[in-house]
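Colleague: Predicted structure and sequence below. I'll ask about it afterward.
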Amino acid sequence: MNWKNLDELKAFDALKNTEPVNVRDVMTGSNGADRVKNYSVPMAEGMAYNYAAKAVDDKILDQLQALADEAELTQKYAALYNGEVINTGEKRLVLHHLCRSQLGKDVVVDGVNKREFYTTQQHRIAEFANKVHSGELTNEKGEPYKIVVQIGIGGSDLGPRAIYLALENWAKVNNKLKMEAKFISNVDPDDASAVLYGLDVEHALFILVSKSGTTLETLTNGAFVQDALKKAGLDPAKHMIAVTSETSPLAKNEGFMDAFYMDDYIGGRYSTSSAVGCAVLSLAFGPDVYADFLNGAAKADETAKDPDIRKNAALLDALIGVYERNVLGYDTTAVLPYSQALSRFPAHLQQLDMESNGKSVNRYGDPVNYVTGPIIFGEPGTNGQHSFYQLLHQGKTIVPLQFVGFKESQMGNDVVIEGSTSQKKLCANVSAQIVAFACGKDDDNPNKRFDGGRPSSVIIGEKLTPASLGTLLAHFENKVMYQGFTWNINSFDQEGVQLGKVLAKRVLAHDTDGALAVYSDLFEI
Ligand SMILES: O=P(O)(O)OC[C@H]1O[C@](O)(CO)[C@@H](O)[C@@H]1O
């Protein structure tokens, strides 16, 4: 396999020297209508990735295909799920795909078949959740647990929280909500206090989630909750379970009713498919719903194997992103789900993308001479329209946009006002925004002029369900992976978050000097 930097690839040179496409020109008129019909890749679960409003044409697509082939991107994906050491920084395998699929060979490490290991944990969690739901497992008084609270941060919070919120209302109307879930992540005492305030702790089950078992915020919040349980006269061990790695200090610890495991081959931001997401989501919705979610993800993993970029949405999305970043020079991407249920999905993608691809050295530790991961931000539409879209439409910075929208609402409750339902209004806004960004509008008054030429893609689905959500999550995971491969960086470590943690510990130990000492004084630490 060739692991070359992007600027060593011939196809990248060719791409840089190709006439760019003016989105406004190609999207205006009948040509635009044809593009919307033709520039679409089917995704799993009846979804589609439409890239008509991106700055690409058939010639650029051919060159992106040449880039994918020369960089051996799908071969690298196969190497990843077949158990090669892809995380070069930490010398680890990268196995989150094995949590949800039958891809590739069996990967055996130190005599452990990893697929079996992850599946066993899923079965253990399913059994545990079923016992909680049936009332076989109860609190000290023999009463059922009614609410589940996840304590974790970063990848041990964002993905599971985003997925829970995305399915909470779907579960309510489909009679699938077994237990309401809440989340504590920030070491700010107001976060834990707000969740605990008025909480029926007697009937609460807390999941302490930390792969390392050493994260300051999570251990602090765990102790905060244990303290609250003791003050309520309850035995913390009857109210807490752990999700961690088998080697962590939280494993085999008497302070917990039970413990479920993931391992070092599952990166935090990729851990929603592991025990990290499995526990809270199976308790909240039941193991069957979680299995549907994993199946949706597995289908996306399967389509991500296709070497043809016109059939592989994750690969194409990744390559268009690289083209925008390294040839067109755009440094940001906005994720704009037109679905209130996806309110925390952009926050999850922020970690997924920026923690994975915010790197300056290649997978061997040598500096790269080109830009890598973009800045990611986003908010659900239409709320974003009334907030930051002004800059997106008329600002001096061009921000590529990634829309997501569904034809049907999740809850099915709607009303016709002035001839249309709210869902139709929502979808009308996505269509309108894509065209407004692409085609713009001339006006004699410069203040009212829209230049257009602002690229976007849209993922369109029928309805946000557990399976389509799984597909969506895996799409972005695979996109980020493919971009990392193209940039020849290691998307699976995160050394950049360490320095701040080390300095914070020094502040707390009063081991400071220089600016750190003065800042500590300002906060009276
Ligand atoms: O699960 P843990 O080990 O507590 O780590 C939490 C998070 O901290 C990070 O290491 C970043 O600080 C993330 O990558 C990870 O998801």
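Modeller: Yes, it's here.
Colleague: show me the contacts for residue 53.
Modeller: Residue 53 makes contact with 23, 27, 35, 434-435, 437-438, 455-458, according to Cβ atoms under 8 Å, 6 or more residues apart in numbering. Just so you know, the C-beta spots here come from the backbone N, C-alpha and C atoms, and that holds for glycine as well.
Colleague: can you tell me how far it sits from the ligand?
Modeller: From residue 53 across to the ligand, the span is 33 Å (Cβ to the nearest ligand atom, to the nearest Å).
Colleague: does that residue count as helix, strand or coil?
Modeller: Put simply, residue 53 is coil when judged by DSSP: H, G, I helix; E, B strand; the rest coil.
Colleague: So for it, what's the pLDDT?
Modeller: At residue 53, the model reports a pLDDT of 98.
Colleague: swap in residue 333?
Modeller: Looking at residue 333, its pLDDT is 98.
Colleague: Equivalent analysis for the one 5 residues further on, please.
Modeller: You'll see residue 338 listed with a pLDDT of 98.
Colleague: Show me what it bridges to in the sheet.
Modeller: Residue 338 has the following beta-bridge partners by DSSP bridges: residue 405.
Colleague: That one and residue 404 touch, don't they?
Modeller: Yes. Using Cβ atoms under 8 Å, residue 338 is in contact with residue 404, at 6.7 Å.
Colleague: before we move on, the earlier item: any chance of the contacts of residue 53 in TSV, with secondary structure, distance to residue 395 and neighbour count too?
Modeller: Listed next are those as TSV, based on DSSP: H, G, I helix; E, B strand; the rest coil; distance: Cβ to Cβ, whole Å; neighbours: other Cβ atoms under 10 Å:
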residue	secondary structure	distance to residue 395	neighbour count
23	helix	16	25
27	helix	20	27
35	helix	25	21
434	helix	18	23
435	helix	19	18
437	helix	12	27
438	helix	16	26
455	coil	15	25
456	strand	15	26
457	strand	20	25
458	strand	21	23
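Colleague: Residue 495: which of those is nearest?
Modeller: Set against residue 495, the nearest of these by Cβ to Cβ is residue 457 (31.0 Å).
Colleague: Okay, that closest one and residue 316: tell me how far apart.
Modeller: 9 Å (Cβ to Cβ, to the nearest Å).
Colleague: so what's in contact with those two at the same time?
Modeller: Looking at what touches both residue 457 and residue 316 (by Cβ under 8 Å, 6+ apart), the common residues are 49, 51.
Colleague: What pLDDT is listed against whichever residue of the stretch 401-525 of the chain sits closest to the ligand?
Modeller: For the stretch 401-525 of the chain and the ligand, the shortest gap (Cβ to the nearest ligand atom) falls at residue 497, measuring 3.9 Å. We have a pLDDT of 95 for residue 497.
Colleague: and the one helix or strand residue 242 maps to with the ligand, contact?
Modeller: Assessed by DSSP states H and E, residue 242 sits inside strand 240-245. No. Judged by Cβ under 6 Å from any ligand atom, strand 240-245 makes no contact with the ligand; its nearest approach is 7.8 Å.
Colleague: do the following helix or strand past that strand and the ligand meet?
Modeller: Helices and strands here follow DSSP H and E; after strand 240-245, the next one along the chain is strand 259-262. No. Strand 259-262 stays out of contact with the ligand when judged by Cβ under 6 Å from any ligand atom, the minimum separation being 8.9 Å.
Colleague: Which SSE is immediately downstream of strand 259-262?
Modeller: Immediately after strand 259-262, counting by DSSP H and E, sits helix 275-285.
Colleague: give me the number of residues near the nearest residue to residue 82 once chain neighbours are set aside?
Modeller: Once flanking residues are discounted, residue 82 sits nearest to residue 104: 4.4 Å by Cβ to Cβ, 6 or more residues apart in numbering. With neighbours defined by other Cβ atoms under 10 Å, the count for residue 104 comes to 19.
Colleague: helix/strand/coil for residue 104?
Modeller: Going by three-state DSSP: residue 104 is coil.
Colleague: Verify the stated contact: it with residue 78.
Modeller: Yes. Under the criterion of Cβ under 8 Å, residue 104 makes contact with residue 78 at 6.7 Å.
Colleague: now the contacts of residue 53 in a markdown table, with pLDDT?
Modeller: A markdown table is the format used below for these (pLDDT from 0 to 100):
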| residue | pLDDT |
| --- | --- |
| 23 | 98 |
| 27 | 97 |
| 35 | 97 |
| 434 | 98 |
| 435 | 98 |
| 437 | 98 |
| 438 | 98 |
| 455 | 98 |
| 456 | 98 |
| 457 | 98 |
| 458 | 98 |
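Colleague: could these be laid out in CSV, adding distance to residue 247?
Modeller: Converted to CSV, the contacts of residue 53 look like this (distance: Cβ to Cβ, whole Å):
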residue, distance to residue 247
23, 50
27, 53
35, 52
434, 48
435, 53
437, 49
438, 51
455, 45
456, 44
457, 41
458, 43
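Colleague: Go through these and say which is closest to residue 477.
Modeller: Nearest to residue 477 among the contacts of residue 53, with distances taken as Cβ to Cβ, is residue 457, at 16.9 Å.
Colleague: Wait, a strand at residue 205?
Modeller: Yes. Counting by three-state DSSP, residue 205 is part of a strand.
Colleague: Next, count neighbours for it.
Modeller: The number of residues packed near residue 205 is 25, by other Cβ under 10 Å.
Colleague: Mind listing the residues bridging to it?
Modeller: So, taking DSSP bridges as the rule, residue 205 has residue 148 as bridge partners.
Colleague: before we move on, back to that, what I need now is the contacts of residue 53 written out in JSON lines, including distance to the ligand for each item.
Modeller: Shown next, in JSON lines, are those (distance: Cβ to the nearest ligand atom, whole Å):
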{"residue": "23", "distance to the ligand": "35"}
{"residue": "27", "distance to the ligand": "39"}
{"residue": "35", "distance to the ligand": "39"}
{"residue": "434", "distance to the ligand": "33"}
{"residue": "435", "distance to the ligand": "38"}
{"residue": "437", "distance to the ligand": "33"}
{"residue": "438", "distance to the ligand": "36"}
{"residue": "455", "distance to the ligand": "30"}
{"residue": "456", "distance to the ligand": "29"}
{"residue": "457", "distance to the ligand": "27"}
{"residue": "458", "distance to the ligand": "29"}
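Colleague: Let me see the domain layout of this structure.
Modeller: The chain resolves into domains spanning 96-292, 494-525 when parsed by automatic domain parsing.
Colleague: Comparing those domains, which comes out most buried?
Modeller: Most buried of the domains of the chain, by mean neighbour count (mean count of other Cβ atoms under 10 Å): domain 96-292, with a mean of 20.
Colleague: So residue 525 sits against residue 507, correct?
Modeller: Yes. Using Cβ under 8 Å, residue 525 is in contact with residue 507, at 5.8 Å.
Colleague: name the element the residue of the chain most remote from its centre belongs to?
Modeller: Here the chain reaches farthest from its C-alpha mean at residue 444, the gap being 42.9 Å by Cα atoms, centre = their mean. Residue 444 is part of no helix or strand, with elements assigned from DSSP H and E.
Colleague: ok, now how distant is the residue nearest to residue 49 when sequence neighbours are not counted from residue 300?
Modeller: Nearest residue to residue 49, sequence neighbours excluded (Cβ to Cβ, 6+ apart): residue 313, at 3.7 Å. From residue 313 over to residue 300 the distance is 8 Å, taken as Cβ to Cβ.
Colleague: Just the pLDDT for the residue in the chain positioned nearest to the ligand.
Modeller: Per Cβ to the nearest ligand atom, residue 268 is where the chain lies closest to the ligand, at 2.2 Å. Here the pLDDT value assigned to residue 268 is 97.
Colleague: For it, which residues are in contact?
Modeller: Per Cβ under 8 Å, 6+ apart, neighbours of residue 268: 154-156, 211, 276, 494.
Colleague: Flag every residue of the stretch 251-400 of the chain that's near the ligand.
Modeller: 268-269, 355.
Colleague: Alright, that wraps it up for me.
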